[in-house]
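Q: Fold the following.
(one chain, ligands or ions: 3)
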Amino acid sequence: MVDLLLGLQWGDEGKGKIVDVLTKDYDIIARFQGGPNAGHTLEFDGIKHVLHTIPSGIFHKNAINIVGNGVVIDPVIFKKELDNLDKFNIDIVSKLLISRKAHLILPTHRLLDAASEAAKGKAKIGSTLKGIGPTYMDKTGRNGMRVGDLEFGNWKKKYRALADKHEAMIGFYNVDVQYNLAELETEFFDAVETLKKLSFIDSEEYIFKAQANGQKILAEGAQGSLLDIDFGTYPYVTSSNTTAAGACTGLGVPPNKIEKVYGIFKAYTTRVGSGPFPTELFDQDGETMGRVGNEFGATTGRPRRCGWLDLVALKYAVQINGVTDLMMMKSDVLSGFDKLKVCTAYQYKGETIQHLPYNIESKNVTPVYTELKGWAADLTKMTKAEDLPKALNDYIAFLEQELQVPIKIVSVGPDRLQTIRR
Ligand code: GDP
Ligand code: IMO
Ligand code: MG
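A: Ligands and ions are numbered 1, 2, ... in the order given. Below you'll find the predicted structure:
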């Protein structure tokens, strides 16, 4: 049995927190796409942890964590993540398994990312510059290096040929990218040795057997549905399928084995990086969301753009993913607003529409809002659904009515314990 957990917006919905909360009910937690562009935050016992490649179930003794074939791994960042976990006494070698088919991010992939962004100028994607795009390009171009290659003696030859090609490509961009490849390579080779201490597996086979043995698997998504390479706000997207189908290709799970699809969303909207964002706010309300919600990227530290909840986009994400259970995050951040706005349609070329137009650009899409009453109560100490204020229950009821999917979890703070089930 496989359940899926995905972000429904532009990432940073709070996936890490909820995976950590749910892990006790699963035997395996598996990442299926993306790479260290992700920053998944978990908080418990007064400590905040940020994970980039390692699945968010790693702090629980009961679960095995798998980095699946659809993920791209930067050994350098991976090593830093492992170092951060050192003091927590986790048996990493038996608890963290890596797919041989996962692709490797080379130092030159990161440089190519920087060169590509610099060449785009104002039209840049706002990439996290972790080398994600160039690594997936090599994967689909059938030139990539995979984790399994590291088990063969000649992998450095393969590495050299690919890195040399990348250097020539950097020259092609004709932009000023400063680097010292020898230094980057020393760091990379050292990190590869650390990676090689872990267990490499044929993850599809492992997951298949686990299913046959009745184990429960939770697939952990990265990024968000609107950053999906096919269904997101292209070209301002990431380079993987962040939506439900990505779990099938990124782990080798057949579609008919997927049961629950947990869709995570913030009670408002954020986006980091460039690209359209119809409900973005440039006023005091947006500033308040950013400040109270502490909206800074967990990977790059960049301020996140903030705006009202966009139900047109959310409905689209619910449909594409087949969401069965919704989870609303950061509800506490909206405490204190007199009125809350929810976008229920767009004005586009003189018409009112209820879908994402192909040519979605903030300048040609004007949100149509429904206003709801706000609440003043501090939610952060509440633990039961009965405690929630009426205006919040009305907000939830409105969303459930519009989306036709139940909201099963209301999150009222970053800590594991600040999680209300309904
Ligand atoms: P992810 O990428 O989806 O895992 O989300 P991030 O970790 O990038 O961003 C979510 C941020 O919100 C983190 O700093 C979390 O600690 C924090 N967070 C998660 N849930 C809540 C919540 O209900 N309330 C508040 N105030 N913060 C939350
Ligand atoms: P998590 O898993 C938010 C955004 C970047 C940029 C675009 C492309 O923490 O939710 P990339 O580095 O993939 O080439 O960047 O996607 N982006 C994210 N935004 N959360 C993420 O991950 C993101 N991963 C990538 O800001 O706009
Ligand atoms: Mg994040």
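
Q: Residue numbers of the stretch 151-300 of the chain in contact with ligand 2?
A: 222-224, 227, 238, 272-273, 298 (Cβ under 6 Å from any ligand atom). (Each C-beta comes from the backbone N, C-alpha and C, glycine too.)

Q: Give me the secondary structure label for residue 336.
A: coil (DSSP: H, G, I helix; E, B strand; the rest coil).

Q: Tell me where the stretch 201-350 of the chain has helices.
A: With DSSP state H, counting those that start in this stretch applied, the stretch 201-350 of the chain shows helices at 203-212, 245-251, 284-292, 311-321, listed in chain order.

Q: If we go by neighbour counts, what in the first one is buried?
A: Taking 16 or more other Cβ atoms under 10 Å as the neighbour-count basis, helix 203-212 is seen to contain the buried residues 203-204, 206-208, 210-211.

Q: got TSV for those, with pLDDT too?
A: Shown next, in TSV, are the buried residues of helix 203-212 (pLDDT from 0 to 100):
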residue	pLDDT
203	96
204	98
206	98
207	98
208	97
210	98
211	97
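
Q: low-confidence ranges in the stretch 301-422 of the chain?
A: Nowhere does the stretch 301-422 of the chain drop to pLDDT under 70.

Q: what's the closest of the helices of the stretch 201-350 of the chain to residue 68?
A: Ranking those by proximity to residue 68 (Cβ to Cβ) places helix 245-251 first, at 4.4 Å.

Q: which other residues reach that closest one?
A: 2, 4, 30-33, 66, 68-71, 203-204, 207, 219, 221, 228, 240-241, 253-255, 258 (Cβ atoms under 8 Å, 6 or more residues apart in numbering).

Q: in that helix, what counts as buried?
A: Buried, per 16+ other Cβ under 10 Å, within helix 245-251: 245-248, 250-251.

Q: Looking at those, which is nearest residue 111?
A: Checking those one by one against residue 111 (Cβ to Cβ), the nearest turns out to be residue 250, at 25.7 Å.

Q: Spatially, which residue comes closest to the closest one, not counting chain neighbours?
A: residue 70 (2.4 Å; Cβ to Cβ, 6 or more residues apart in numbering).

Q: thinking that neighbour is in contact with residue 35, fair?
A: No - counting by Cβ atoms under 8 Å, residue 35 is not a contact partner of residue 70; they are 9.7 Å apart.

Q: Which one's more surrounded, these two?
A: residue 35 (32 against 29; other Cβ atoms under 10 Å).

Q: circling back: kindly reformat the residues of the stretch 151-300 of the chain next to ligand 2 as a markdown table containing distance to ligand 1, pLDDT and neighbour count.
A: Shown next, in a markdown table, are these (distance: Cβ to the nearest ligand atom, whole Å; pLDDT from 0 to 100; neighbours: other Cβ atoms under 10 Å):
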| residue | distance to ligand 1 | pLDDT | neighbour count |
| --- | --- | --- | --- |
| 222 | 7 | 98 | 30 |
| 223 | 8 | 98 | 31 |
| 224 | 8 | 98 | 28 |
| 227 | 11 | 98 | 27 |
| 238 | 12 | 98 | 27 |
| 272 | 9 | 96 | 22 |
| 273 | 13 | 93 | 22 |
| 298 | 4 | 85 | 18 |
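
Q: Looking at the residues you listed, spot the one nearest ligand 3.
A: For those, the closest approach to ligand 3 (Cβ to the ion) belongs to residue 298, at 4.5 Å.
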